[in-house]
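# No letters, just coordinates:
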């Protein structure tokens with residue numbers, strides 16, 4: 001029975017950790033959708049905070065009121 005050396009085990013763990021992380025790519029991918037969703041949430045919260053601090057809503061900013 002051959003026992004794996006410590007260097008083999010550490011390289012296996014490193015490659016397993018790299019495989020679990022999402023890789024950036026172009027197109028309609030799961031990673032792109034997660035990033036877009038996060039930016040949308042940040043933008044929505046920023047919009048709510050601006051409305052709270054200025055006392056004006058979004059429609060006033062774009063000239064509909």
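That came through, no problem. As the structure is a prediction and not an experimental result, all values here were calculated from the model.
# shaky segments in the chain?
When the per-residue scores of the chain are filtered using pLDDT under 70, the ranges that remain are 1-13, 15-19, 22.
# what ranges do the helices span in it?
6-20, 30-54, 58-61 (DSSP state H).
# TSV please, covering these and showing mean neighbour count.
Quick note: C-beta positions are derived from backbone N, CA and C, even for glycine. Output for the helices of the chain, formatted as TSV (neighbours: other CB atoms under 10 Å):
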stretch	mean neighbour count
helix 6-20	9
helix 30-54	11
helix 58-61	12
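# residue closest to the middle of the chain?
residue 35 (3.6 Å; CA atoms, centre = their mean).
# and it, what is it in contact with?
For residue 35, no residue counts as a contact, taking CB atoms under 8 Å, 6 or more residues apart in numbering as the criterion.
# ok, it to residue 41 distance?
Look at residue 35 and residue 41: by CB to CB, to the nearest Å, they are 11 Å apart.
# Same check on residue 53?
Distance, residue 53 to residue 41, using CB to CB: 19 Å.
# can you check residue 51 too?
As judged by CB to CB, residue 51 and residue 41 stand 16 Å apart.
# right, and residue 31 touches residue 25 too?
Yes - with contact taken as CB atoms under 8 Å, residue 31 and residue 25 are classed as touching, separated by 6.6 Å.
# Can you give me the neighbour number for residue 24?
Summarising burial for residue 24: neighbours were counted as other CB atoms under 10 Å, giving 9.
# Nearest residue to it in space, please, no chain neighbours.
residue 31 (6.2 Å; CB to CB, 6 or more residues apart in numbering).
# So residue 23 sits against residue 32, correct?
No - because the distance of 10.9 Å does not satisfy CB under 8 Å, residue 23 is recorded as not touching residue 32.
# and residue 32, what does it touch?
Shown in contact with residue 32 (CB under 8 Å, 6+ apart): 25-26.
# Next one: residue 50 relative to residue 26, how far apart?
From residue 50 across to residue 26, the span is 32 Å (CB to CB).
# cool, residue 39 as well?
According to CB to CB, residue 39 stands 16 Å off from residue 26.
# before we move on, what about residue 37?
Using CB to CB, we find residue 37 at a distance of 17 Å from residue 26.
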